[in-house]
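# Fold the following for me, if possible:
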Amino acid sequence: MECPHLQESVLLDISKLKAHVGALHCNVCRTHKSPWLCLTCGLVHCGRYVNGHAKSHQESHAKHLVCIDTSLVAFCYECDDNIINDTPDGRVQAVRTILLEKERAVDTSVGALEPPCKMMKTTTASEENLSLSPMTKLAGLRNLGNTCFMNSVLQSLSNIQDFTFYFRHLPAIAPPANGRTSSQYHTRQSKPEEVCLVEEFRKIISDLTEAKATSISPDALFSALWKVAPSFRGYQQQDAHEFMRYLLDRLHFELDTLVTGESSGKNGDSMTIVNKMFGGVLRNEVDCLECRQKYIKHDPFLDLSLGIPERFVHRRSKARDKDVGVCHLKDCLSHFCDMEELGESEQYLCEKCRQHQRSTKKFYLRDLPPVLCLHLKRFRYATSIRSKLDLYVQFPLEGLDLSEFMPPNNESCTSSPLYDLAAVVVHHGSGVGCGHYTAYGHSARAGGWFHFNDSTVTCSTPDAVSNSKAYLLFYLQRPLAKGHTHAATPASASATTAKTAAAKPPAETSATAATPPTASK
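Below is the predicted model of the structure:
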């Protein structure tokens with residue numbers, strides 16, 4: 001936004017700053033996390049999501065309104081918003097230049113990450129061809145103020161090799177004529193059609209792959225998100241699943257309209273890298289209990305929202321815990337697919353009976369996607385109560401077999417029902433509108449599991465991943481051996497086609513599928 005307080009608040013002596021700037025740490029607690037430089041007095045304090053000393057400093061110094069962090073984001077406390085304008089003599093930009101020069105001078109080899117001792121036993125054919133280096137670096141994403149929901153999803157998607165390969169080789173879309181870098185903001189005055197989320201996502205994926213710095217600021221993507229999706233504006237905690245769904249839908253829309261020049265078909269009938277990688281098809285069977293007529297419908301999906309069975313939720317004692325056992329991911333999948341009788345408000349209009357009748361519904365996974373995203377419905381909303389199910393759900397790191405959830409008596413096909421885990425998003429905390437998101441990802445480049453906690457990336461182990469309380473799970477379909485077919489899988493070659501097309505540029509993709517909605521039960 002255009003801040004009216006810069007002239008009276010940005011009083012920092014630029015020459016002194018350039019001569020004395022060093023490693024930024026909080027003047028009170030000495031932490032290096034989320035440092036904010038006051039542009040009035042030059043003192044550095046930690047952000048509100050660390051120990052909040054920057055906010056306390058402003059409250060005790062009412063005229064110290066403007067500060068800036070190491071991601072070059074300037075913020076005004078009075079406006080309660082990020083700043084895009086500058087003083088007439090360009091002091092804010094001068095501070096950005098000094099901080100940028102300081103960051104470039106940092107030896108990026110410090111903090112290089114080594115792979116953990118334990119490695120995933122199963123690798124895909126594309127991973128085997130990679131030249132893995134023990135000094136491969138992975139970059140974190142800076143928290144711009146409660147943006148961990150976004151960072152965790154971006155890091156998860158960055159570990160899906162075919163998906164990121166496509167965007168890394170995608171030509172730049174509508175590069176800025178004035179030569180501004182990705183750290184510049186889209187203003188709120190800009191029109192939604194002028195904002196290209198595909199381009200900002202491409203830059204982030206490329207930056208994470210190159211890892212030239214230990215942490216990267218996703219501020220340009222975040223500000224673009226503010227413009228195209230007003231519900232994500234502000235710095236309150238957002239839902240990682242909602243962001244992931246919006247991001248995939250928006251990427252699909254922009255690739256369909258901006259890259260190809262026009263929509264590929266009517267009624268959303270189009271194919272992009274998004275639904276080629278994430279798109280699957282559900283077989284929805286409804287049986288009328290009066291006349292026994294069966295109705296079959298096929299519903300596309302990008303992800304599956306799985307409820308946790310009630311028998312695992314309502315536990316009153318440790319003894320009962322032992323009787324019920326640990327909830328497994330397959331219990332959630334069974335709960336999603338199992339036959340259930342529809343309630344009175346959901347009675348199906350039977351064409352044979354010509355009226356609404358009692359009926360049952362059952363799901364099958366007809367077409368499996370190359371990337372299977374599973375969302376565990378941990379948050380519950382009632383009239384006046386919002387709660388979180390902080391229950392551990394056991395999930396496999398390798399060999400998730402979906403054969404039992406496919407339609408019976410299918411013809412053989414070349415797609416595999418087996419999946420291996422690529423990434424996990426975890427929500428920490430008990431609140432619905434608060435807490436913190438982190439992610440675990442298996443990096444093919446670095447050769448192991450890593451924990452992504454905003455700007456911090458650390459080595460992890462398979463045990464740490466499997467013991468986490470997952471919120472989002474990203475599974476990669478395991479390729480079948482050449483010439484082998486699996487009789488239990490649906491008769492569709494969509495998954496194989498998707499993997500082949502993933503490495504092709506947008507112009508080579510075909511328009512054969514629809515934009516899938518979320519499947520939820």
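
# Just say helix, strand or coil for Thr360.
Here Thr360 is recorded as strand under DSSP: H, G, I helix; E, B strand; the rest coil.

# which ones are touching it?
Listed by Cβ atoms under 8 Å, 6 or more residues apart in numbering, the contact partners of Thr360 are Val286, Asp287, Leu289, Met339, Glu340, Glu341, Leu342. For every residue, glycine as well, the C-beta is placed using N, CA and C.

# which residues of the stretch 1-150 of the chain fall in helices?
Per DSSP state H, counting those that start in this stretch, the stretch 1-150 of the chain carries helices over the ranges 6-9, 14-20, 53-60, 91-105, 125-128, 148-158.

# In a markdown table, list the ones you listed along with mean neighbour count, mean pLDDT and distance to His314.
Shown next, in a markdown table, are these (neighbours: other Cβ atoms under 10 Å; pLDDT from 0 to 100; distance: least, Cβ to Cβ, whole Å):
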| stretch | mean neighbour count | mean pLDDT | distance to His314 |
| --- | --- | --- | --- |
| helix 6-9 | 16 | 89 | 55 |
| helix 14-20 | 12 | 76 | 59 |
| helix 53-60 | 18 | 92 | 41 |
| helix 91-105 | 16 | 76 | 52 |
| helix 125-128 | 12 | 38 | 42 |
| helix 148-158 | 25 | 95 | 29 |
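
# Among the contacts of Thr360, which ones are in strands?
Val286, Asp287, Glu340, Glu341 (DSSP state E).

# Below-threshold pLDDT in the stretch 401-521 of the chain: ranges please.
410-414, 431-433, 481-521 (pLDDT under 70).

# Tell me where it has strands.
418-428, 436-443, 448-453, 456-459, 470-477, 519-520 (DSSP state E, counting those that start in this stretch).

# Return the distance of the fourth one from the chain's centre.
The chain centroid and the centroid of strand 456-459 are separated by 17 Å, computed with Cα atoms, centre = their mean, to the nearest Å.

# Can I get stretch 219-239 in CSV, CA atoms only?
Provided in CSV are the C-alpha atoms of stretch 219-239 (Å, rounded to 0.1, in the frame of the first residue of the first chain):
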residue,chain,number,x,y,z
ASP,A,219,6.9,-12.0,-0.8
ALA,A,220,6.1,-11.5,-4.5
LEU,A,221,4.0,-14.6,-4.6
PHE,A,222,2.3,-13.7,-1.3
SER,A,223,1.4,-10.2,-2.5
ALA,A,224,0.1,-11.5,-5.8
LEU,A,225,-2.0,-13.9,-3.8
TRP,A,226,-3.4,-11.0,-1.8
LYS,A,227,-4.7,-9.5,-5.1
VAL,A,228,-6.3,-12.5,-6.7
ALA,A,229,-7.6,-14.0,-3.5
PRO,A,230,-8.7,-11.4,-0.9
SER,A,231,-9.6,-14.1,1.6
PHE,A,232,-5.8,-14.7,2.1
ARG,A,233,-5.1,-11.0,2.8
GLY,A,234,-3.7,-10.0,6.2
TYR,A,235,-1.4,-11.9,8.5
GLN,A,236,-3.8,-14.1,10.4
GLN,A,237,-3.2,-17.9,10.3
GLN,A,238,-4.8,-19.6,7.2
ASP,A,239,-5.6,-23.2,6.4
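
# contacting residues around His57?
Cys38, Leu43, His45, His64.

# what two of those have the greatest distance between them?
Using Cβ to Cβ, the two most remote members of these are His45 and His64, lying 10.2 Å apart.

# Tell me the spacing between Cys38 and Asn453.
26 Å (Cβ to Cβ, to the nearest Å).

# before we move on, the earlier item: I'd like the strands of the stretch 401-521 of the chain written out as a markdown table, with mean neighbour count and distance to Thr97 added.
Shown next, in a markdown table, are the strands of the stretch 401-521 of the chain (neighbours: other Cβ atoms under 10 Å; distance: least, Cβ to Cβ, whole Å):
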| stretch | mean neighbour count | distance to Thr97 |
| --- | --- | --- |
| strand 418-428 | 24 | 36 |
| strand 436-443 | 25 | 32 |
| strand 448-453 | 24 | 29 |
| strand 456-459 | 17 | 26 |
| strand 470-477 | 24 | 39 |
| strand 519-520 | 17 | 48 |
